[in-house]
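Asker: requesting a structural model of the entry that follows:
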Amino acid sequence: MRKPGLVASDVDGTLLDPMERVSPRTARTVQRVVASGTPFVLVTGRPPRWVPMVVEGLGVSGVTVCANGAVLYDAAADRVLQSHVIDPVLLHDVARELRRELPGCAFAVERTTDGARDRLHEQFLAEAGFRRAWPNSDIRVAGTDELTGKPAVKLLVLHEHMTSAEMAAAAGEVLGSQLQLTYSTTAGLIELSAAGVDKATGLAAVAAELGVAREDVIAFGDMPNDVPMLEWAGHGVAMRNAHQEALAAADEVTITNAEDGVAHVLDRWW
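Answerer: The predicted structure follows:
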């Protein structure tokens, strides 16, 4: 591949090390990329409120694709630029269907506000069972009716006794094309976005705004939610620690995130 015109990277399991930190080498490499005038875009399943800590570690900021493509967030201005939401009626119907198909599951929703730190108590709502299995200070416990009563950018479904792949297979039979289904961990969690919304659509929107052609984009990832982006980019790179689906979708496999796999590839040009 010739020198990329845009660099896109997943965050967890890819850009960050296993301790969820930005290594000094990775930070230096990304800073060189940006200093050269080449856009560097984070493309993550994380919501905007979990982006500032990554940006701080990198030492650079810009437009970020969040929530698996459902949200475009300007980290420099701390401003949500665009969001694709799931309609409350559909949220309610899907939750009812999945409760029947996956007995024992628990739900949570991600919503957007104007910025990453704006009205945190409105951004992440979860049922008590979800909160118990996934302790997180950002979560506000709520009932299913409250969760599904307003538009959301992501519906999360958790099951303590199933793998994510098992959940995805069962949920896919029920959902069909109603929502976009993916997962970024193997530990019994699936993520649902509006139909047709994924990391590829989010990254494509940013690339178009920046005037960068698809073939000039290099993208890095490690999990099934990265597959659309790896397939869309001119050159998709999977981490050696990646899920088999990501490995199969990539044009190249680099070393692991523990070994600065992203920097290892980018050092060819910067």
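Asker: could you say which helix or strand holds residue 29?
Answerer: helix 24-35 (DSSP states H and E).
Asker: how far does the next helix or strand after that helix sit from the chain's center?
Answerer: The helix or strand immediately downstream of helix 24-35 is strand 40-42, counting by DSSP H and E. Distance of strand 40-42 from its chain centroid, counting by C-alpha atoms, centre = their mean, to the nearest Å, is 12 Å.
Asker: elements contacting strand 40-42?
Answerer: strand 6-9, helix 24-35, strand 63-66 (3 or more C-beta pairs under 8 Å, 6 or more residues apart in numbering; DSSP states H and E). The C-beta positions use only the backbone N, C-alpha and C, and glycine is treated the same way.
Asker: closest to residue 237 out of these?
Answerer: Nearest to residue 237, of all these, is strand 6-9, at 9.0 Å by C-beta to C-beta.
Asker: ok so residue 55 is a helix residue?
Answerer: Yes. Judged by DSSP: H, G, I helix; E, B strand; the rest coil, residue 55 forms part of a helix.
Asker: just to check, residue 243 is in contact with residue 222?
Answerer: Yes. Counting by C-beta atoms under 8 Å, residue 243 touches residue 222, with 6.5 Å between them.
Asker: neighbour count for those two, which is higher?
Answerer: Neighbours per residue (other C-beta atoms under 10 Å) separate residue 243 from residue 222, with residue 222 holding more: 27 against 24.
Asker: how close does that one get to residue 170?
Answerer: As for residue 222, its distance to residue 170 is 24 Å (criterion: C-beta to C-beta, to the nearest Å).
Asker: repeat that for residue 21.
Answerer: Taking C-beta to C-beta, one finds residue 21 at 35 Å from residue 170.
Asker: okay, now the unreliable bits of the protein?
Answerer: Low-confidence segments of the chain (pLDDT under 70): 133, 135, 137.
Asker: quick one: the helices in it?
Answerer: 24-35, 52-58, 88-101, 128-133, 144-147, 164-175, 199-210, 227-232, 244-249, 261-266 (DSSP state H).
Asker: my guess is residue 212 contacts residue 39. True?
Answerer: Yes. At 6.9 Å, residue 212 counts as touching residue 39 under the criterion of C-beta under 8 Å.
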